[in-house]
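> Structure for the following, please:
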Amino acid sequence: MNIISTALVETSKVTLDEFMNRIAIIIGSTRPGRNGEAVAKWVYEIARKRSDSQFELVDLKDFNLPLLDEPMPATMGQYSKPHTKVWAAKIGSFDGYVFVAPEYNHGISGALKNAIEFLFREWNDKAAGFVSYGGAGGVRAVEQIRLVLAEVQIATVRNQVSLSLFTDFENLRVFKPDPSKEASVNAMLDQLIAWSGALQRLREKAT
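The predicted model follows:
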């Protein structure tokens, strides 16, 4: 390949990357010894085989968010705390999200709910999918998260991945998913990427 051909390929790649959806895979637990980190890394390894979007792991634990401490409602967009501004910049850089969510006491984890509450505009007109885990596959947590995300104007896709502590983990701790679950992850990502692209015009109007 000559220099001109190489330059054209590199330019095309840069242009393609600019138009690709950026999807965050969010680890929705900060608990020591959490199962979510292994699950999220598994999702990421599946996702990065795709060529239709860019994917990034986002760990709530890395942001050290306290209990919501902003004096103004998130809808005002007047963030005053440095940790909020860092979190807002990270979340705002994505077009869609995969929430890797545990089920605690039939519901959403406190850390994930708190992280969502910090922001508003950064979530708007984007799409989300779910990979949940728990004794009942985490489905009850996802039911609650869908309600919360609707209020921050995120569209949630129907396909989701539910992982059972009894069949997808060894001794409830070591993550060993059934091989068939990879197809479920890709089915969820298919919908998520399609919806993220469809909502792009709304995001452009808001900027």
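
> Poorly predicted segments of the chain, please.
Where the chain drops to pLDDT under 70, the residues are 1-19.

> Go again with 90.
By pLDDT under 90, the low-scoring segments of the chain are 1-20, 205-207.

> So which residues of it form strands?
All strands of the chain, identified by DSSP state E, fall at 21-27, 53-59, 96-102, 126-134, 154-164, 169-170, 174-175.

> Sheet partners, orientation included, of the last one?
This points to strand 174-175. Strand 174-175 sits in its sheet next to strand 169-170 (antiparallel), going by DSSP bridges.

> who touches the partner strand?
By CB atoms under 8 Å, 6 or more residues apart in numbering, the list of residues contacting strand 169-170 from outside reads Asn35, Tyr133, Leu163, Phe175, Lys176. For glycine as for every other residue, the C-beta is placed from the backbone atoms N, C-alpha and C.

> Figure out the length between the terminal residues of stretch 101-119.
18 Å (CA to CA, to the nearest Å).

> Generate a ChimeraX selection restricted to the buried subset of the contacts of strand 169-170.
To isolate the buried members of the contacts of strand 169-170 in ChimeraX, using 16 or more other CB atoms under 10 Å:
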select :35,133,163,175
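
> Now distance to Ala24 too, for the contacts of strand 169-170, in TSV please.
Below are those laid out as TSV (distance: CB to CB, whole Å):
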residue	distance to Ala24
Asn35	19
Tyr133	18
Leu163	19
Phe175	20
Lys176	25
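
> among the contacts of strand 169-170, which two are most distant?
Tyr133 and Lys176 (12.3 Å; CB to CB).

> Okay then, goodbye and thanks.
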